[in-house]
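Trainee: sequence unknown, structure follows:
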Ligand SMILES: [Zn+2]
């Protein structure tokens, strides 16, 4: 009793700051649905842009950009000058093609002081004539100046508005909005390796940006904010926001004495309240650092900038936030590892961004509120996924942005597939694989595909996961388990079957955890379920089991499971057992009498492994069966068990 009270007290002390914040801000199911809903709306807005992929995206590799933007938050207007350092990825490249809305006007394209000709066609492509031919790996540098009123996309990619009467401009490009406000490559094939961004604003304004704030200098009565970013960044994560922000910083202290700055740009009217909320980000980042490795931009900063859209967006090194609930902070910060450092290589693999962000948010509850919010998270995530019998994480309809950003599948089922992978491969292999995914050249600071994640998990666990991905990623639905159990002298015996909710998967091969209670104390047994009606036997000596639960910690997606205890002597078919098997012990064959109603005979060894035997309607030859103890299970045409008998084979 004393130990119990003591451990509860410790738990409360450790959890209180986060739990209190979460309690206050976090209305779990509503919030996640709201977040997903916002992300869907955002994607939908840009749907018409989807097919306008820059055909020349993969012909060049942009390695550096120097960007100058002039923004007055009182006006919906941008003036920019961008210098691109790029190299050709092909031979005989004669033009450099960028995505840019036709609402913006290109003033000039200059190389070394010499103007280059360009066309800015109605298909929103800026095609620059290089006036020479670049060979593979040959470098070039040129500068584009442009300006104009970005097109209106509702609350889309470049927005001007007010908060408490003060003007604000903010951007939000994911997935297809970059071209609305700057010329670049709107794709998932090339990250800008490094950039310097200078944002000029009227006095009294602060400009949020990517990377580290190097300086704010005054020039001609204006402020120039210099942001330096020295990590690869995909174009949809380049962002700015300008208003009369109030800034404050929190710090995450690392064990080696270093610290990571969390820089917050908040509306003055909200800063007092938000200051208490963003303290949670210190704990969240400390946890993520432990779980998946050091924050990828620790040498620069993390931050939040408040903006006028209801959701959040994981802009690299500075998430833009419409509110500061615990869940939103956890989700957007998780994206810095999954989405920003490693970006899904195609929008159809968005689960690699959103499934991970959803699961990492789940793991904050697992660690900070294991008895309250963690079970709630699992339960509401499972309820969402299994509210329908089908649906795959794999995006089977790439023409629908709603399908791509589907909350039930890309977010929730994506997160639960990760949770199940963790169960199947174990914590060590799971977290090592996440580190590999984040740190291995090829995916680190680049793009990833599902197959690469699978490879890391297989390499670290030694487990072939093809079947798993076939069933849970490409396949649809979930199993409903039927567990029968009984106790025979010194053994506990289980028979496990399943039906599936969707015809795309006939059987989910999974290790199924079972909790057995002996005198009120649970013991976990794992049934490696690979076949229908599979029999499992465990030696329990003279213990006596009170009750049995299937997957009490909810590792596996399954629903409407049934558990039946069979009292062997009362279980009618067996109780009325009319069969005799002889001889016993046997060596060459066994014979079953009467040979009626029997469709199938299973011979099961003491490890629960079924041996292949031939049954001719009456006899079973034992020529390939080694000496040992076996159970003979007789089944009728409906697969029902007619009899189970022990035999001994002696050779
Ligand atoms: Zn997200």
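Mentor: Nice, thanks for sending it over. What you see is a predicted model; the values in this text were computed from it and never measured.
Trainee: pull out the buried residues from stretch 378-394.
Mentor: Neighbour counts over stretch 378-394 (16 or more other CB atoms under 10 Å) mark 378, 380-382, 384-386, 391-394 as buried. For glycine as for every other residue, the C-beta is placed from the backbone atoms N, C-alpha and C.
Trainee: what does that stretch contact?
Mentor: Residues outside stretch 378-394 that contact it (CB atoms under 8 Å, 6 or more residues apart in numbering): 28-29, 32, 348, 351, 355, 358, 362, 406-410, 412-417, 419, 450, 472-478, 501-502, 504, 554, 557, 559.
Trainee: start and end of that stretch, how far apart?
Mentor: One end of stretch 378-394 sits 21 Å from the other (CA to CA, to the nearest Å).
Trainee: mean confidence for it?
Mentor: Computed over stretch 378-394, the mean pLDDT rounds to 96.
Trainee: do stretch 82-102 as well
Mentor: Mean pLDDT, computed over stretch 82-102, is 96.
Trainee: pop the domain breakdown of the protein in here.
Mentor: Split into domains by automatic domain parsing, the chain comes to 28-45+345-474, 479-566, 573-649.
Trainee: got TSV for these, with distance to the ion too?
Mentor: Formatted as TSV, the domains of the chain follow (distance: least, CB to the ion, whole Å):
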stretch	distance to the ion
domain 28-45+345-474	5
domain 479-566	21
domain 573-649	43
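Trainee: looking at the ones you listed, which one is packed in the most?
Mentor: domain 28-45+345-474 (a mean of 19; mean count of other CB atoms under 10 Å).
Trainee: remind me which residues of the stretch 251-400 of the chain are low pLDDT?
Mentor: 398 (pLDDT under 70).
Trainee: show me where it has strands.
Mentor: Counting by DSSP state E, counting those that start in this stretch, the stretch 251-400 of the chain has strands at residues 259-266, 302-306, 312-313, 319-321, 343-344.
Trainee: report the contact partners of residue 538.
Mentor: Under the criterion of CB under 8 Å, 6+ apart, the neighbours of residue 538 are 491-494, 525.
Trainee: can we see that at 7 Å?
Mentor: 491-492, 525 (CB atoms under 7 Å, 6 or more residues apart in numbering).
Trainee: for those residues, which one is nearest residue 332?
Mentor: residue 525 (40.0 Å; CB to CB).
Trainee: and the closest one, how far from residue 508?
Mentor: 18 Å (CB to CB, to the nearest Å).
Trainee: and what of residue 129?
Mentor: From residue 129 to residue 508 the distance is 57 Å (CB to CB).
Trainee: how about residue 288?
Mentor: 31 Å.
Trainee: what of residue 70?
Mentor: 57 Å.
Trainee: start to end distance for stretch 526-533?
Mentor: End-to-end for stretch 526-533, by CA to CA: 15 Å.
Trainee: ends of stretch 118-136, what's the gap?
Mentor: Note: stretch 118-136 ends 22 Å apart using CA to CA.
Trainee: who touches that stretch?
Mentor: 52, 54, 88-102, 106, 109, 116-117, 140, 142, 179, 183.
Trainee: list only those of those flagged as buried.
Mentor: Among the contacts of stretch 118-136, the ones that count as buried by 16+ other CB under 10 Å are 54, 88-89, 93, 95-102, 106, 109, 116, 140, 142, 179, 183.
Trainee: from the ion, how far out is the closest residue to residue 333 other than its chain neighbours?
Mentor: Distances taken as CB to CB, 6 or more residues apart in numbering place residue 284 nearest to residue 333, at 5.6 Å, with adjacent residues excluded. For residue 284, the distance to the ion equals 15 Å [CB to the ion, to the nearest Å].
Trainee: go on, residue 184?
Mentor: Taking CB to the ion, one finds residue 184 at 22 Å from the ion.
Trainee: who's in contact with the closest residue to that residue other than its chain neighbours?
Mentor: Closest residue to residue 184 apart from its sequence neighbours, by CB to CB, 6+ apart: residue 235 at 4.6 Å. By CB under 7 Å, 6+ apart, residue 235 lies in contact with 178, 184-186, 192.
Trainee: let's see that with 6 Å instead.
Mentor: Contacts for residue 235 (CB atoms under 6 Å, 6 or more residues apart in numbering) come out as 178, 184-186.
Trainee: residue 430 should be in a helix, yeah?
Mentor: Yes: counting by DSSP: H, G, I helix; E, B strand; the rest coil, residue 430 is found in a helix.
Trainee: find me the pLDDT at it, would you?
Mentor: 98.
Trainee: quick check, it in contact with residue 422.
Mentor: Yes: using CB atoms under 6 Å, residue 430 is in contact with residue 422, at 4.2 Å.
Trainee: secondary structure class for residue 451?
Mentor: Recorded secondary structure, residue 451: helix (three-state DSSP).
Trainee: so that it lines up with my notes, have the first residue be 26 from now on.
Mentor: Got it, first residue is 26 now, which makes that one residue 476.
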